[in-house]
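# my questions concern the predicted model and sequence given below.
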Amino acid sequence: MDRFAEPPEQYDPEAVRDRVFDYWDEVDAYERTKAHREDGEDFFFVDGPPYTSGAAHMGTTWNKSLKDAYIRYYRMNGYDVTDRPGYDMHGLPIETKVEERLDFDSKQDIEAFGVEAFIEECKQFANEQLEGLQSDFQSFGVWMDWENPYKTVDPTYMEAAWWAFNRAADRGLVEQGKRSISQCPRCETAIANNEVEYEDVEDPTVHVKFPLAEREGSLVIYTTTPWTIPANEFVAVGEDITYQRVAATKDGETETLYLAEACVEEVLKEGRYDDYEVVDSFPGAHMLGWEYDHPLAEEVPDRPDERGVGEVYHADYVEAEDTGLVHSAPGHGDVDFERGEELGLPVFCPVGGDGVYTDEAGTYAGEFVKDADEAITQDLARKGLLLASGTVTHSYGHCWRCDTPILQLATDQWFITITDVKDELLENMEDSEWHPQWARDNRFRDFIESAPDWNVSRQRYWGIPVPIWVAEGTKGERPDDRIVIGTRDELVERADQDLDAGMDIHKPAVDDVTITEEGVTYERVPDVFDVWLDSSVASWGTLDYPEEEGDFEELWPADLIMEAHDQTRGWFWSQLGMGTAAMGDVPYDEVLMHGFANDEDGRKMSKSVGNVVQPHEAIEKHGADAMRMFLLGQDPQGEDMRFSWDEMQNMQRDLNVLWNVFRFPLPYMRADGFDPTAQTVDELDLAVEDDWLLSTLQKLKHDTEEYWENREQHRALQALREFVVEDLSRYYIQLIRERVWTEQAGENKTAAYATLHKVLREVVALLAPYAPFVTEEMYGYLTGESGHPTVHMCDWPAIEERFRQPALEDAIDTARSIEEAGNHARQQAGRKLRWPVARVVVSPDSERVAGQVDDYRGLLADRLNARRIEVLDPDETFGDVEYSAEADMSVLGPAFGGDAGEVMEALNAARVADDDLDLLEDAVRDALDREVQLTPEMVEFREETPDDVAAAGFEGGTVYVDTELDDDLEAEGYAREVVRRAQELRKDLDLDMEAEVRLDVLVFDDRVAPLVSEREDLIAEEVRAREFAEVDPDDANTAVEEYDDVEGVRMRLGVQKV
RNA sequence: GGGCUAGUAGCUCAACUAGGUAGAGCGCCACUCUGAUAAGGUGGAGGCUUGCGGUUCAAAUCCGCACUGGCCCA
């Protein structure tokens, strides 16, 4: 791109993006940027792999934008950043999608179809989804290593999981055992708790009487899962809860029931008893050890009947609700299971993985459990044990993929016994720095403390095969008789079959592999890993470890990871767990935890509600840069984002302002042959505004850097936008316009070019991580061949102390607020800025402000279009002014206590002739009808505007604008009115900036006409009028216009090109 | 049901960590400007700071409860 070439007049985001994509391709921008930092210090970023089902939504887009921005930031700071993207491609969600595609209903369908073919389908599906995600991410400018993503389905990656699992096994953290797990009977596999979705459903309820064995009466239990009653092994009570023995009467018959006191009335009502009498009251502790008869003893003859089963025990999970007596089946519920383990009870689960009762369930064998609810209820009723039955609507867990109600079953699973290393987990957690920190210290810690052992086995197909081989026929029940394979090489070496180390290690390829050692043959456990285990090894999997060792040695652990807050229980946790189990360390040093993308009302975006905004819609509407700026303008530390079209539009508007700012000087620079490499701010004599802008730029760099380092890139963006819009566009550009328009070349003009050029170049660099497209294009125009091929190769702009001038910044601040006050005063007086005023008087509050005004008189006179600026002494007053006072509540409050409010009001309302405390006290006394003691600290006096002068206050004093006119001022005022209108005509004629014209000015006012004539020189220069003469109205290059009221005067103007 | 987190102008957010008359940007209205012009300037309207209680002379801020959203857990 040619330096200072003419950029398009309009900022068109889509066109910019198209051009930049082409440009990036053309110059290999990404590759060169990476190569540029090859020798830099390493920065190991790890991408949390998105799951490959579905497209990128606003949340993923936010996440990837953040990652991209921080990667760019670190690159600009000289780091060699690891930027390998990852994809999470195994697991049940994909299996169920593929099953849907193939119209399968069950595992039998898969087996019939063939496991190998099914795996192939899954692989294909995941790859298709991956392609979609890749192009989504690229569409908004994310620069990661798209050629070489890590995929959890690559054998190299899968090996990383095997390796880690093997390490955990070596540490004694892998065991097989029964656990109560959530089972999806359709998918026929255990699913993770976080894969359980809760929804409201209607379920049967039963109140059942468990007849006591050695005493009269029955325990009353309540459950919504009658199908678990066959597996009942004990009844739990709370030791400290009060229970009652009641004699309940129905139809003239009386029976004895045991219930928690709090539940008696309601339960008996449910059971439609006519009356009852409380016979006895006692704590649950009295009931411990009571024995009862299993209510379905005859129907389920094979249930365990050993000592200890069928008794009452205490359990912490009991509360005085329902009946206060809890039916407990260790073969099902997880708390029941845990308590059962403690009590040394057997685990009895007469239900298969498909939810069908096994032979152990006696008469119910062969029936699907949920279907058996009714038969069981009827059996209980027939036996006189059903106290009541009904239905209830409550939230119940469902499989998140296929929406089947889950079952709690105790089954054989493989576990990583995380609970054995809980202290280590907590210690390791402390080694990671989190933004925000509360997420680590509250949420994450709580989760770790309550985390159960990790069930890593799944009875499915599309996953990393569990690398455990157990002695034939032992089903893994003999812990010492098993082999855990850590690498493919190891498998090749030990396998009975002839294998190739490059083989795919998915099912079914490894299923038939056997290992025979010392006369024992081992066969593989058929399970695959829980998909959460896949991504848990990403910090080394992304480095191809253990296959490749070099990067791992150099880089691990990750310097930074960033994901949304759902990953606290997901990836942040699984990595900590696996890192600790396998390496004894947390695999990341720093976590940036961001929030979720909600809709404009703060609600979750969901397809069913129809409030989803697709990233591509946002890109089409406002451009990828504006979308990224919106996303990156959000607080990334734990806060959810509210999507806002409005805000995104603001971003686009700001980019438009920047575009205009950047475009403005280019034609002048080009025309004057400005050379930014030779003519620099260090060598030129800078004007005060140049010094100021450069100083302000240093402050900006200081602030933005601090924000980025604190992971508050949104604040950095805010500061940057403010600089561009307020300081650069609204102030600096306005100030230098005259300098730039001057025709003669000169150092003054060149200094403005050099300043603007430097500032723009740095602003563009600071903005590059947010808006990679538009900054690229601007950078190209600014630097041409002399810069890097891409803005993204730039160094992060460093703070240059030599430009810092805090006193100047402060003074200009004052000048700007005086200017603002002056404009205000002018507006009130009806005197537009185009008309000069004789004088502006500044009455400063302090010597400091007085000095500042004195130093920058010229600037102020120029900005306020005043012939002269007068400065009063701080204690001097301007004409007849009154004073008001403003209360300082922090002093007033403590002094007056409860009266502070009314004293404040009286104080604020008072008007006094002088800034004198006694006068003020008098005024307040009059208002409140009592004496008050004021001190100077309590109030600040303020001058009140006199009626006859246009005045306005500013932070450090008051500005008075003297609006009285004389001939000289009027002459210039009218002359400028002529100039402005003549310019408009020039524009109508579409004349070049350089074009000269003939100007015809007719003023229909005898007093004003000669005044205007006096200023023909001024007019001629401004309008590039070569002569004042009549114009030919018929000429195509002529524009004539008549104006009825130019500040009370009629005039006609004609412009003709010569 | 439990934990964490948030609720401030029409919208996006500051002020909350050390209690002292609630601010900005955008939007809206009026006026204005016109050599960056889908810009710029000046002014204005707009808030019982989600609600209810408490602590305090004084609460957006501290405490409790409730309501609403979000995430996680059950």
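Here it is on my side, so go on. Residues are numbered from 1 along each chain as shown, chains lettered A, B, ... in the order given.
# residues contacting residue A:227?
A:351, A:369-370, A:372-373, A:376 (CB atoms under 8 Å, 6 or more residues apart in numbering). No exception for glycine: its C-beta is placed from N, CA and C like everyone else's.
# try residue A:827
Under the contact definition (CB under 8 Å, 6+ apart), no residues are listed for residue A:827.
# for residue A:956, see how far away it is.
Using CB to CB, to the nearest Å, residue A:827 is found at 21 Å from residue A:956.
# just checking, residue A:467 touches residue A:487?
No: in this structure, residue A:467 is not within contact of residue A:487 by CB atoms under 8 Å, at 9.2 Å.
# for those two, indicate the residue with more neighbours.
More crowded of residue A:467 and residue A:487, by other CB atoms under 10 Å: residue A:467, with 26 against 17.
# mind listing the strands for the stretch 401-550 of chain A?
All strands of the stretch 401-550 of chain A, identified by DSSP state E, counting those that start in this stretch, fall at A:407-416, A:433-435, A:454-455, A:457-458, A:468-471, A:482-484, A:514-517, A:520-524, A:528-529.
# which one of those lies closest to RNA strand B?
strand A:407-416 (9.1 Å; CB to the nearest atom of the strand).
# what average pLDDT does that closest one get?
On average, the pLDDT along strand A:407-416 is 90.
# cool, stretch A:1032-1051 as well?
On average, stretch A:1032-1051 scores 83.
# other residues contacting it?
Outside stretch A:1032-1051, the residues touching it (CB under 8 Å, 6+ apart) are A:973-974, A:977-978, A:981, A:984-986, A:988-989, A:1000-1005, A:1008, A:1031, A:1052-1057.
# can you get me the start-to-end distance on that stretch?
17 Å (CA to CA, to the nearest Å).
# thinking again about what came up before, can you flag the buried ones in the contacts of stretch A:1032-1051?
A:973-974, A:977-978, A:981, A:985-986, A:989, A:1000-1001, A:1003, A:1008, A:1031, A:1053-1057 (16 or more other CB atoms under 10 Å).
# please flag which of the residues you listed sit within strands.
Assigned to strands by DSSP state E, the following of those qualify: A:1000-1001, A:1003, A:1053-1057.
# near RNA strand B, which of the residues you listed show up?
Applying CB under 7 Å from any atom of the strand to these, one finds that nothing falls near RNA strand B.
# closest one to residue A:21 out of these, please.
residue A:1057 (42.7 Å; CB to CB).
# who does that closest one form a beta bridge with?
Beta bridges link residue A:1057 to residue A:997, judged by DSSP bridges.
# wait, isn't it in contact with residue A:988?
No: between residue A:1057 and residue A:988 there is no contact under CB under 8 Å: 11.5 Å.
# report pLDDT for residue A:874.
84.
# from what I can see it touches residue A:845, true?
Yes: assessed by CB under 8 Å, residue A:874 is found in contact with residue A:845 at 6.1 Å.
# more neighbours: these two, which one.
Taking other CB under 10 Å, residue A:874 and residue A:845 do not tie; residue A:845 has more neighbours (19 against 15).
# need the contact list for the more buried one.
Residue A:845 sits in contact with A:874, A:956-957, where contact means CB under 8 Å, 6+ apart.
# equivalent analysis for residue A:566, please.
residue A:596 are the contacts of residue A:566 under CB under 8 Å, 6+ apart.
# what do you get if the cut-off is 10 Å, keeping everything else the same?
Contact analysis of residue A:566 by CB atoms under 10 Å, 6 or more residues apart in numbering lists A:59, A:194, A:572, A:593, A:595-596.
# from residue A:83, how far off is the closest residue to residue A:903 other than its chain neighbours?
Spatial nearest neighbour of residue A:903, chain neighbours left out: residue A:896 (5.1 Å); criterion: CB to CB, 6 or more residues apart in numbering. Here residue A:896 is placed at a distance of 63 Å from residue A:83 (CB to CB).
# these two: which is more packed in?
Neighbour count, other CB under 10 Å: between residue A:896 and residue A:83, residue A:83 has more, with 23 against 19.
# how about the more buried one: what's its closest non-neighbour residue?
Leaving aside its sequence neighbours, residue A:83 sits nearest to residue A:144 (CB to CB, 6+ apart; 4.5 Å).
# the one you found touches residue A:85, doesn't it?
Yes: between residue A:144 and residue A:85 there is a contact at 4.3 Å, judged by CB atoms under 10 Å.
# what's the local residue count around residue A:477?
13.
# what do you get for the one 3 residues further on?
As a burial measure, the neighbour count of residue A:480 was computed by other CB under 10 Å and equals 5.
# hang on, isn't it packed against residue A:176?
No: Residue A:480 lies out of contact with residue A:176 (CB under 10 Å); the separation is 11.9 Å.
# domain map for chain A?
Domain assignment for chain A by automatic domain parsing gives A:20-173+A:428-452+A:531-594, A:205-401, A:643-799, A:882-944, A:967-1057.
# near RNA strand B at all, the second one?
In other words, domain A:205-401. Yes: using CB under 7 Å from any atom of the strand, domain A:205-401 comes into contact with RNA strand B via A:334, A:395.
# how long is that domain end to end?
Across domain A:205-401, first to last residue, CA to CA, it's 27 Å.
# distance of residue A:214 from residue A:291?
6 Å.
# ok, these two, which is more surrounded?
For residue A:214 versus residue A:291, neighbours defined as other CB under 10 Å are more numerous around residue A:291 (13 against 7).
# against residue A:467, how distant is residue A:523?
In terms of CB to CB, residue A:523 sits 13 Å off from residue A:467.
# quick check: residues of the stretch 801-950 of chain A near RNA strand B?
Checking the stretch 801-950 of chain A against RNA strand B by CB under 7 Å from any atom of the strand, the hits are A:820, A:823-824, A:827, A:832-834, A:886-890, A:892-894, A:897-898, A:900, A:904, A:908.
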